[in-house]
Each structure stands twice: as C-alpha cells, then as structure tokens.
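**Student:** please find the sequence and the predicted model below.
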Amino acid sequence: MKRIILLLTLICSVSLLNAQETASPVKVDTSQMAKIVFEKTVHDYGTIAKGSDGICIFKFENKGKTPLVLSNVRASCGCTTPSWPKEPINPGKSGEISVKYNTTPGKFMKSITVMSNAVNSNVVLQIKGEVK
C-alpha cells in the first residue's frame with residue numbers, strides 16, 4: 001500500500017511540474033546599448049627579456065548609443081595586472097586597458113576578462129609570448 005501511495009505521489013508531482021507554463025523570455029532592445037569594440041583582442045609579445053616592462057595596451061571604442069561602463073577587468077592570474085578607465089566612455093569615444101605582465105621566464109598565455117554594461121558584456125583579451 002505504501003508503494004502505491006508513493007508511486008501515485010511521484011506521478012502527480014511529475015505531472016504538476018510538466019503542467020507549469022514557462023515564462024516567455026524578456027526581449028531587450030540591444031540597439032540602444034553600449035558596444036565595446038577592441039582594435040585587437042590578442043597581444044603577442046614575441047620573445048622578450050626577463051625584467052622587461054611587460055606592458056601592453058588594448059585600445060577600444062564605444063560603438064553603441066549609451067555610455068560604456070567597465071565594471072571590472074580581471075586577469076587569469078596574479079602575474080598579470082590590468083588597469084582601466086573607471087569613468088563612463090561616451091558613445092563614439094575611445095579608451096585603453098593597460099596590462100602589465102610580470103616577466104617570469106618561460107612561455108606564457110594569459111587571459112584578461114573585461115566586464116561591462118555593453119551588449120557584448122564579457123570580452124576576453126589575451127597576452128602571449130616567451131620570456132628569455
């Protein structure tokens with residue numbers, strides 16, 4: 001008897017879950033949002049010497065219709081330090097993200113994730129090369 005009640009409870013639960021309507025997705029007008037466009041997303045240092053400054057610049061432009069705000073720029077490890085503009089970038093204006101790599105000997109490939117209010121809200125930049 002307990003098995004029958006358990007089985008009926010299970011069937012009713014599954015039926016109720018399937019009967020629930022799913023909410024229709026919210027449509028966002030992306031044509032009015034900020035859009036971040038980089039000149040390049042990969043910087044290849046090539047071969048550099050240990051102790052070099054290890055700095056590279058990623059230039060970008062806001063090609064959207066509202067101000068662009070970079071909420072965070074995060075490197076994949078502690079050997080890479082990004083700096084970025086904290087003030088909004090107006091439509092049609094440009095900015096720069098500066099990345100400093102601690103030149104530890106060996107080959108490297110690191111990523112920097114740029115988070116913003118843009119339609120393309122997460123952009124991944126890469127640096128690579130070899131330190132001799």
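**Tutor:** Structure received. None of these values were measured; they are calculated from a predicted model.
**Student:** mind listing what the spatially closest residue to Lys35 that is not a sequence neighbour touches?
**Tutor:** Once flanking residues are discounted, Lys35 sits nearest to Gly64: 3.8 Å by Cβ to Cβ, 6 or more residues apart in numbering. C-beta here means a position set from N, CA and C on the backbone, and glycine is covered the same way. The neighbourhood of Gly64, defined by Cβ atoms under 8 Å, 6 or more residues apart in numbering, consists of 32-36, 91, 118-119.
**Student:** so which of those sit within strands?
**Tutor:** When the contacts of Gly64 are checked against strands using DSSP state E, the ones located there are Ile36.
**Student:** name the nearest of the contacts of Gly64 relative to Cys77.
**Tutor:** Each of the contacts of Gly64 was checked against Cys77 using Cβ to Cβ; the closest is Ile36, at 23.0 Å.
**Student:** please name the nearest non-neighbouring residue to that closest one.
**Tutor:** Ranked by Cβ to Cβ, 6+ apart and with sequence neighbours excluded, the top spatial neighbour of Ile36 is Ala118, at 4.4 Å.
**Student:** again with Ser76
**Tutor:** Ser111 (4.5 Å).
**Student:** next, that neighbour: secondary structure please.
**Tutor:** Under the three-state scheme (DSSP: H, G, I helix; E, B strand; the rest coil), Ser111 adopts strand.
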